[in-house]
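Enquirer: What follows is a predicted structure for the sequence shown.
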Amino acid sequence: MRQSMTGFASQSGQGLGRSWTWELRGVNGKGLDLRLRIPDGIDGLEAGVRARCAADLKRGNLQISLKLAAEEAEGGLRLDEAQLKAVLAAMHRIEADAMTEGLSLAPSTAADIVGLRGVLTAEVPEADPAALATALLADFDGALAEFIAMRRSEGAALSAILTGQLAEIAALVDEAALAVTDRQPQQADRLREQLRRVTENADSVDAARIAQELAVIAVKSDITEEIDRLRAHIAAARDLLAAEGAVGRKFDFLMQEFNREANTLCAKSGDTRLTQAGLALKTVIDQMREQVQNVE
C-alpha cells in the first residue's frame, strides 16, 4: 500500500511519577530525516525511537517531540529548611529596614511564608530510568502506529489521484497517436508540394540530395518513438503504484522522463491538433509530478 510522507500523531501517558505526551509531525523529504526533541538522561530512549522509525519509515522529514513532566505525589510535601531560613532572614532584614524608615508592615502568617516559591515543595519520587524508557517507548509505539495509519490513509487518496492522472495521460497519448495518423495524408501532400517547388526553381536537381533532405524532414516530424516511450512510462508508473515498499524516488525519476517525451512531442508536432494534445499532456504531467513529491 502506498504511503504519503505527511502525517501527524499524538499520544499521552503517565506512570512512575511522570506524565508525558509524544507528538510526531511528518513532511516531504528526499530521505529519512529524524529530528528529535526529547529530554536527556533517559538511557536507550533516543536509540529506541530511531530504531523503530527506521524499521517502518523510509522517507520523509519527521519531527518527534516528547513533553515529560513530574507528577505531584499525594501527601508528599517537603519543607525546604535552607530556603525557609533564607526567606526568614530576608523578611527580618526587610522589617528592620522598614522600621528605620518609619514604616509599619503587617505581620506575616505561616501561610504567607509557605506560599513563597521553594519553601514548600511536592516530593517527586525518582523513577528508574530503564523502567521509564520502557514505558515511554510503549506509548511511542502507539503514536508511531497512528502516524503510519495516517500516512497510509493519505497514501490511498494519493494513489487514487495518480491513477486518475495516468488515465488522463494515456487518453492524451492516444489522442496524439490518432492525430499523427490523421495528419499523414496532409503531411505527404505538403512534402510533395515542397518537392515540386524545389524542382521547378532549380536548373539541376540532385535527386540523392533531395531524398536525403526529405528523409531528414520525415525523421524530425515522426513522433512514433515518443508515443511508444510515453506508453511504456505509463505502464511503468502503474507498476510502481502496485509495488510494495518505497517507490517515491523511482516515481520522481519517471516523471522527468514523462516530461522529456512530452517536450519532444510538442517540438515535433507541426500540427495544431497535435500541439494541443502535447500541451495538455505537459499540464497533466506537471500536476502529477507535484503529487509524486509526496509519495514515500
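Expert: Yes, it's here.
Enquirer: Help me confirm that Asn61 is found in a helix?
Expert: No - the assignment for Asn61, made by DSSP: H, G, I helix; E, B strand; the rest coil, is strand rather than a helix.
Enquirer: so how many other residues sit close to it?
Expert: Using other Cβ atoms under 10 Å, Asn61 is surrounded by 17 other residues. Where you see a C-beta, it was placed from the backbone N, CA and C, and this is true even at glycine.
Enquirer: pLDDT score for it?
Expert: For Asn61, the pLDDT comes out at 96.
Enquirer: neighbours around the residue nearest to it when sequence neighbours are not counted, how many?
Expert: Distances taken as Cβ to Cβ, 6 or more residues apart in numbering place Gly29 nearest to Asn61, at 3.8 Å, with adjacent residues excluded. A count of nearby residues for Gly29, using other Cβ under 10 Å, gives 15.
Enquirer: How about the contacts made by Gly29?
Expert: 5, 59-61 (Cβ atoms under 8 Å, 6 or more residues apart in numbering).
Enquirer: biggest separation within those, which pair?
Expert: Arg59 and Asn61 (8.9 Å; Cβ to Cβ).
Enquirer: Mutual contacts of these two, please.
Expert: 5, 29.
Enquirer: ok, now how distant is the spatially closest residue to Ile285 that is not a sequence neighbour from Thr21?
Expert: Spatial nearest neighbour of Ile285, excluding adjacent residues (Cβ to Cβ, 6+ apart): Phe258 at 4.8 Å. Distance, Phe258 to Thr21, by Cβ to Cβ, to the nearest Å: 44 Å.
Enquirer: now Asp97
Expert: Distance, Asp97 to Thr21, by Cβ to Cβ: 47 Å.
Enquirer: For the stretch 1-150 of the chain, which segments count as strands?
Expert: 7-15, 18-27, 32-37, 60-70, 77-79, 120-122 (DSSP state E, counting those that start in this stretch).
Enquirer: Would you mind reformatting the ones you listed (as JSON lines) and adding columns for distance to Lys250 while you're at it?
Expert: Formatted as JSON lines, these follow (distance: least, Cβ to Cβ, whole Å):
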{"stretch": "strand 7-15", "distance to Lys250": "21"}
{"stretch": "strand 18-27", "distance to Lys250": "20"}
{"stretch": "strand 32-37", "distance to Lys250": "16"}
{"stretch": "strand 60-70", "distance to Lys250": "16"}
{"stretch": "strand 77-79", "distance to Lys250": "61"}
{"stretch": "strand 120-122", "distance to Lys250": "56"}
